[in-house]
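1. Sequence plus predicted model, see below.
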Amino acid sequence: MDGWSFSGWSGDVSGSANPATITLDANKSVTATFTQIFYTLTITSGTNGSITQPGLGTFTYAQGTVVNLLATANTGYGFDTWMGTTGSVSDINAASTTIVMNGNYNIHPNFAKTYTLTITTKPGGTVTQPGIGTFTFKKGTVVNLLALPQPLGYDFDYWEGDTSAIADHHAASTTITMNGNYVINAKFKTVSVRTLTIISGTHGNVTQPGVGTFSYNEGTIVNLLAVANSGHTFLFWSGDIGHVANVFSAGTTVQLHGDYVIRANFSP
(Lines give C-alpha, C1' and ligand atoms only; values in the text may rest on other atoms or scores of the structure.)
Protein backbone atom coordinates (compact mmCIF):
# COMPACT_ATOMS: atom_id res chain seq x y z
CA MET A 1 0.00 0.00 0.00
CA ASP A 2 1.52 3.32 -1.10
CA GLY A 3 2.60 5.60 1.74
CA TRP A 4 2.85 2.81 4.32
CA SER A 5 5.48 0.23 5.25
CA PHE A 6 5.13 -3.08 7.07
CA SER A 7 6.48 -2.94 10.64
CA GLY A 8 5.92 -6.42 12.10
CA TRP A 9 3.64 -9.10 13.48
CA SER A 10 2.16 -9.40 16.96
CA GLY A 11 0.00 -11.98 18.73
CA ASP A 12 0.62 -15.62 17.89
CA VAL A 13 3.25 -14.58 15.32
CA SER A 14 6.09 -12.21 16.12
CA GLY A 15 8.94 -10.62 14.24
CA SER A 16 9.15 -8.72 10.98
CA ALA A 17 9.63 -11.54 8.48
CA ASN A 18 7.23 -11.08 5.61
CA PRO A 19 5.77 -13.41 4.58
CA ALA A 20 5.60 -15.36 7.85
CA THR A 21 4.23 -18.83 8.59
CA ILE A 22 1.92 -20.05 11.32
CA THR A 23 0.84 -23.56 12.34
CA LEU A 24 -2.91 -23.78 12.80
CA ASP A 25 -3.03 -26.34 15.64
CA ALA A 26 -5.43 -24.21 17.69
CA ASN A 27 -7.39 -20.91 17.51
CA LYS A 28 -4.84 -18.11 16.99
CA SER A 29 -4.79 -14.34 16.64
CA VAL A 30 -2.34 -12.38 14.49
CA THR A 31 -2.02 -8.61 13.99
CA ALA A 32 -0.02 -6.91 11.22
CA THR A 33 1.30 -3.44 12.04
CA PHE A 34 2.00 -0.80 9.38
CA THR A 35 3.80 2.52 9.70
CA GLN A 36 3.02 5.53 7.52
CA ILE A 37 6.00 6.82 5.51
CA PHE A 38 6.89 10.50 5.79
CA TYR A 39 9.43 12.60 3.90
CA THR A 40 10.80 16.10 4.44
CA LEU A 41 10.80 19.00 2.00
CA THR A 42 13.36 21.69 2.77
CA ILE A 43 12.93 24.96 0.90
CA THR A 44 15.39 27.79 0.87
CA SER A 45 14.97 31.00 -1.09
CA GLY A 46 17.34 32.36 -3.67
CA THR A 47 18.09 36.06 -3.63
CA ASN A 48 15.71 38.51 -5.32
CA GLY A 49 12.53 36.61 -4.52
CA SER A 50 10.59 34.55 -1.99
CA ILE A 51 8.53 31.37 -1.58
CA THR A 52 4.87 31.90 -0.75
CA GLN A 53 3.82 28.22 -1.02
CA PRO A 54 4.57 26.32 1.14
CA GLY A 55 7.04 28.87 2.58
CA LEU A 56 10.64 28.68 3.77
CA GLY A 57 11.89 25.92 6.05
CA THR A 58 11.49 22.17 6.42
CA PHE A 59 8.07 20.55 6.03
CA THR A 60 6.98 16.95 6.59
CA TYR A 61 4.55 15.17 4.28
CA ALA A 62 3.22 11.65 3.85
CA GLN A 63 4.68 9.73 0.92
CA GLY A 64 2.92 10.59 -2.35
CA THR A 65 1.61 13.97 -1.18
CA VAL A 66 1.42 16.54 -3.99
CA VAL A 67 2.72 19.86 -2.63
CA ASN A 68 2.04 23.19 -4.33
CA LEU A 69 5.07 25.39 -4.97
CA LEU A 70 4.86 29.11 -5.66
CA ALA A 71 7.85 31.41 -6.05
CA THR A 72 7.40 35.19 -6.24
CA ALA A 73 10.12 37.40 -7.71
CA ASN A 74 11.02 40.82 -6.38
CA THR A 75 10.45 43.91 -8.54
CA GLY A 76 12.90 43.96 -11.43
CA TYR A 77 13.37 40.19 -11.41
CA GLY A 78 11.60 37.17 -12.84
CA PHE A 79 11.43 33.52 -11.88
CA ASP A 80 14.06 31.44 -13.70
CA THR A 81 14.05 27.80 -12.51
CA TRP A 82 13.80 25.45 -9.52
CA MET A 83 17.12 24.00 -8.43
CA GLY A 84 18.25 21.19 -6.10
CA THR A 85 16.58 17.75 -5.93
CA THR A 86 14.02 18.60 -8.60
CA GLY A 87 13.28 15.17 -10.08
CA SER A 88 9.71 15.18 -8.72
CA VAL A 89 8.95 18.81 -9.63
CA SER A 90 6.38 18.77 -12.44
CA ASP A 91 7.81 21.84 -14.24
CA ILE A 92 11.11 23.26 -13.04
CA ASN A 93 10.67 26.30 -15.30
CA ALA A 94 7.31 27.36 -13.82
CA ALA A 95 7.08 29.62 -10.77
CA SER A 96 3.78 27.91 -9.86
CA THR A 97 4.13 24.13 -9.98
CA THR A 98 3.98 21.00 -7.78
CA ILE A 99 6.31 18.42 -6.27
CA VAL A 100 5.37 14.82 -5.42
CA MET A 101 6.85 13.66 -2.10
CA ASN A 102 8.56 10.38 -2.87
CA GLY A 103 11.77 11.17 -1.01
CA ASN A 104 13.52 13.76 1.13
CA TYR A 105 14.02 16.84 -1.04
CA ASN A 106 15.91 20.12 -0.77
CA ILE A 107 15.00 22.73 -3.37
CA HIS A 108 15.31 26.45 -3.97
CA PRO A 109 14.19 28.87 -6.69
CA ASN A 110 16.51 30.85 -8.90
CA PHE A 111 15.53 34.36 -9.97
CA ALA A 112 16.89 36.37 -12.90
CA LYS A 113 17.13 40.08 -13.61
CA THR A 114 14.43 41.32 -16.01
CA TYR A 115 14.35 44.18 -18.47
CA THR A 116 11.59 45.88 -20.45
CA LEU A 117 11.35 46.22 -24.21
CA THR A 118 9.05 49.00 -25.44
CA ILE A 119 8.13 48.88 -29.12
CA THR A 120 6.45 51.64 -31.11
CA THR A 121 5.97 52.13 -34.83
CA LYS A 122 5.77 54.93 -37.37
CA PRO A 123 3.01 55.14 -40.04
CA GLY A 124 3.24 52.58 -42.80
CA GLY A 125 3.29 49.28 -40.96
CA THR A 126 3.27 47.41 -37.67
CA VAL A 127 5.39 45.09 -35.52
CA THR A 128 3.97 41.57 -35.22
CA GLN A 129 6.77 40.07 -33.10
CA PRO A 130 6.62 40.61 -30.22
CA GLY A 131 3.96 43.27 -30.93
CA ILE A 132 3.38 46.91 -30.03
CA GLY A 133 3.73 47.89 -26.35
CA THR A 134 5.99 47.10 -23.40
CA PHE A 135 7.20 43.55 -22.74
CA THR A 136 9.27 42.06 -19.91
CA PHE A 137 12.05 39.52 -20.52
CA LYS A 138 14.74 37.86 -18.44
CA LYS A 139 18.25 39.22 -18.83
CA GLY A 140 19.98 37.74 -21.86
CA THR A 141 16.78 36.65 -23.61
CA VAL A 142 17.03 36.81 -27.41
CA VAL A 143 13.75 38.31 -28.65
CA ASN A 144 12.53 37.94 -32.24
CA LEU A 145 11.56 41.18 -33.99
CA LEU A 146 9.37 41.27 -37.09
CA ALA A 147 8.15 44.48 -38.73
CA LEU A 148 5.53 44.26 -41.50
CA PRO A 149 4.89 47.18 -43.86
CA GLN A 150 1.46 47.88 -45.28
CA PRO A 151 0.86 45.83 -48.44
CA LEU A 152 1.17 48.74 -50.87
CA GLY A 153 3.10 52.00 -50.83
CA TYR A 154 5.43 51.22 -47.94
CA ASP A 155 8.54 49.19 -47.18
CA PHE A 156 10.52 48.62 -43.98
CA ASP A 157 13.34 51.12 -43.55
CA TYR A 158 15.16 50.52 -40.23
CA TRP A 159 14.87 50.13 -36.47
CA GLU A 160 15.63 53.27 -34.45
CA GLY A 161 16.05 54.03 -30.76
CA ASP A 162 18.06 51.76 -28.44
CA THR A 163 19.38 49.63 -31.30
CA SER A 164 22.82 48.63 -29.95
CA ALA A 165 21.53 45.15 -29.01
CA ILE A 166 19.70 44.56 -32.32
CA ALA A 167 21.46 42.04 -34.57
CA ASP A 168 20.69 43.97 -37.78
CA HIS A 169 18.77 47.22 -37.44
CA HIS A 170 18.25 47.40 -41.23
CA ALA A 171 16.44 44.02 -41.34
CA ALA A 172 12.67 43.79 -40.82
CA SER A 173 13.17 40.29 -39.32
CA THR A 174 15.93 40.30 -36.72
CA THR A 175 16.58 39.84 -32.97
CA ILE A 176 17.39 41.92 -29.92
CA THR A 177 19.29 40.61 -26.86
CA MET A 178 17.86 41.88 -23.59
CA ASN A 179 20.75 43.26 -21.57
CA GLY A 180 19.01 46.49 -20.61
CA ASN A 181 15.74 48.42 -20.80
CA TYR A 182 15.20 49.32 -24.46
CA VAL A 183 12.80 51.51 -26.43
CA ILE A 184 12.81 50.88 -30.17
CA ASN A 185 10.73 52.01 -33.10
CA ALA A 186 10.07 50.43 -36.51
CA LYS A 187 10.41 53.03 -39.25
CA PHE A 188 8.87 52.57 -42.69
CA LYS A 189 9.50 54.41 -45.97
CA THR A 190 7.18 55.20 -48.83
CA VAL A 191 7.73 53.46 -52.17
CA SER A 192 6.11 53.89 -55.57
CA VAL A 193 3.24 51.61 -56.51
CA ARG A 194 3.45 50.07 -59.99
CA THR A 195 0.84 48.27 -62.10
CA LEU A 196 1.30 45.07 -64.07
CA THR A 197 -1.29 44.36 -66.75
CA ILE A 198 -1.38 40.79 -68.05
CA ILE A 199 -2.98 39.85 -71.37
CA SER A 200 -3.37 36.30 -72.59
CA GLY A 201 -3.41 35.35 -76.25
CA THR A 202 -5.79 32.67 -77.50
CA HIS A 203 -5.03 28.98 -76.94
CA GLY A 204 -3.79 29.45 -73.40
CA ASN A 205 -4.04 31.31 -70.13
CA VAL A 206 -1.87 33.04 -67.51
CA THR A 207 -2.38 31.44 -64.08
CA GLN A 208 0.23 33.52 -62.21
CA PRO A 209 -0.56 36.22 -61.36
CA GLY A 210 -3.66 35.89 -63.57
CA VAL A 211 -5.16 38.01 -66.32
CA GLY A 212 -5.90 41.65 -65.53
CA THR A 213 -4.18 44.55 -63.80
CA PHE A 214 -2.31 44.08 -60.51
CA SER A 215 -0.60 46.56 -58.18
CA TYR A 216 2.80 46.02 -56.53
CA ASN A 217 5.48 48.02 -54.78
CA GLU A 218 8.24 49.12 -57.12
CA GLY A 219 11.00 46.54 -57.32
CA THR A 220 8.73 43.59 -56.54
CA ILE A 221 9.62 40.38 -58.38
CA VAL A 222 6.41 38.82 -59.70
CA ASN A 223 6.10 35.18 -60.77
CA LEU A 224 4.69 34.59 -64.24
CA LEU A 225 3.20 31.31 -65.39
CA ALA A 226 1.53 30.74 -68.74
CA VAL A 227 -0.33 27.46 -69.44
CA ALA A 228 -1.09 26.45 -73.02
CA ASN A 229 -4.30 24.69 -73.99
CA SER A 230 -4.16 21.06 -75.13
CA GLY A 231 -2.56 20.84 -78.59
CA HIS A 232 -0.84 24.23 -78.26
CA THR A 233 2.46 25.48 -76.82
CA PHE A 234 3.69 28.64 -75.17
CA LEU A 235 5.81 30.79 -77.51
CA PHE A 236 7.01 33.94 -75.73
CA TRP A 237 6.13 36.98 -73.64
CA SER A 238 5.73 40.29 -75.48
CA GLY A 239 5.15 43.92 -74.55
CA ASP A 240 7.12 45.62 -71.77
CA ILE A 241 9.51 42.70 -71.40
CA GLY A 242 12.75 44.49 -70.53
CA HIS A 243 12.69 43.12 -66.98
CA VAL A 244 11.28 39.65 -67.75
CA ALA A 245 13.92 37.10 -66.75
CA ASN A 246 13.33 34.79 -69.73
CA VAL A 247 10.83 35.84 -72.40
CA PHE A 248 10.81 32.33 -73.92
CA SER A 249 9.96 30.50 -70.68
CA ALA A 250 6.34 29.91 -69.70
CA GLY A 251 7.41 30.02 -66.04
CA THR A 252 9.54 33.08 -65.33
CA THR A 253 9.57 36.38 -63.39
CA VAL A 254 9.32 40.10 -64.00
CA GLN A 255 10.73 42.79 -61.72
CA LEU A 256 8.62 45.93 -61.61
CA HIS A 257 10.50 49.17 -62.22
CA GLY A 258 7.59 50.82 -64.01
CA ASP A 259 4.01 50.24 -65.15
CA TYR A 260 4.13 47.27 -67.52
CA VAL A 261 1.78 45.59 -69.97
CA ILE A 262 2.84 42.12 -71.08
CA ARG A 263 1.20 39.43 -73.13
CA ALA A 264 1.50 35.64 -73.20
CA ASN A 265 1.64 34.27 -76.76
CA PHE A 266 0.75 30.73 -77.74
CA SER A 267 1.09 28.68 -80.94
CA PRO A 268 -1.90 28.76 -83.29
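-> Structure received.

2. Residues touching stretch 114-131, excluding its own?
-> For stretch 114-131, the external contacting residues (CB atoms under 8 Å, 6 or more residues apart in numbering) are 73, 76-78, 132-139, 143-150, 153-154, 156, 176, 178-190. Heads up, the C-betas are built off the backbone N, CA and C, glycines and all.

3. Of those, which belong to strands?
-> Those of the contacts of stretch 114-131 mapping onto strands are 73, 77-78, 133-138, 143-149, 154, 156, 176, 182-190, per DSSP state E.

4. ok, of the residues you listed, which come out buried?
-> With burial judged by 16 or more other CB atoms under 10 Å, the buried subset of the ones in strands among the contacts of stretch 114-131 is 73, 77-78, 137-138, 143, 145-149, 154, 156, 176, 182, 184-188.

5. Residue 243 contacts residue 257, doesn't it?
-> Yes - Residue 243 is within contact range of residue 257, at 6.0 Å (criterion: CB atoms under 8 Å).

6. quick one: contacts of whatever helix or strand residue 199 lives in?
-> Using DSSP states H and E, residue 199 falls within strand 193-200. When contacts are defined by CB under 8 Å, 6+ apart, strand 193-200 is touched by residues 152-153, 206, 209-218, 220, 222, 224, 226, 239, 254, 256-264.

7. Go through it and flag the buried ones.
-> Here strand 193-200 shows 193-194, 196, 198, 200 as buried, counting by 16+ other CB under 10 Å.

8. From these, pick the one nearest residue 10.
-> Distance to residue 10 across the buried residues of strand 193-200 (CB to CB) is lowest for residue 193, with 94.8 Å.

9. so what's residue 124 closest to, chain neighbours aside?
-> Of all residues not flanking residue 124 in the chain, residue 188 sits nearest, at 3.1 Å (CB to CB, 6 or more residues apart in numbering).

10. hey, what's the one you found bridged with?
-> residue 156 (DSSP bridges).

11. pretty sure it contacts residue 148?
-> No - Residue 188 is beyond contact range of residue 148, at 9.4 Å (criterion: CB under 8 Å).

12. how about the nearest residue to residue 33 once chain neighbours are set aside, what does it touch?
-> Once flanking residues are discounted, residue 33 sits nearest to residue 7: 4.3 Å by CB to CB, 6+ apart. Residue 7 sits next to 16, 33-35 when contact means CB under 8 Å, 6+ apart.

13. can you check residue 100 too?
-> Counting by CB under 8 Å, 6+ apart, residue 100 touches 64-67, 88, 90.

14. and the residues you listed as CSV, adding distance to residue 108?
-> Below are the contacts of residue 100 laid out as CSV (distance: CB to CB, whole Å):
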residue, distance to residue 108
64, 23
65, 20
66, 19
67, 15
88, 15
90, 17
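
15. Assess the claim that residue 15 and residue 9 are in contact.
-> Yes - if you go by CB under 8 Å, residue 15 and residue 9 touch, sitting 6.0 Å apart.

16. Specify the beta-bridge partners of residue 100.
-> Where residue 100 sits in a bridge, its partners, by DSSP bridges, are residue 66.

17. same question but for residue 208, I mixed them up
-> Residue 208 forms beta bridges with residue 225, as assigned by DSSP bridges.

18. any idea of the angle the longest strand anywhere in the chain forms with strand 142-149?
-> Counting by DSSP E, the longest strand found in the chain is strand 105-121. The directions of strand 105-121 and strand 142-149 differ by 20 degrees, with axes from the mean of the first three to the mean of the last three CA atoms, to 10 degrees as the criterion.

19. neighbouring strands for strand 105-121, and are they parallel or not?
-> Its sheet considered, strand 105-121 pairs with strand 38-43 (parallel), strand 77-84 (antiparallel), strand 133-138 (antiparallel), strand 182-190 (parallel) by DSSP bridges.

20. will you turn these into a markdown table that also has distance to residue 22?
-> Shown next, in a markdown table, are these (distance: least, CB to CB, whole Å):
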| stretch | distance to residue 22 |
| --- | --- |
| strand 38-43 | 31 |
| strand 77-84 | 47 |
| strand 133-138 | 64 |
| strand 182-190 | 78 |
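
21. Tell me which of these lies nearest to residue 160.
-> Among these, the nearest to residue 160 by CB to CB is strand 182-190 (5.1 Å).
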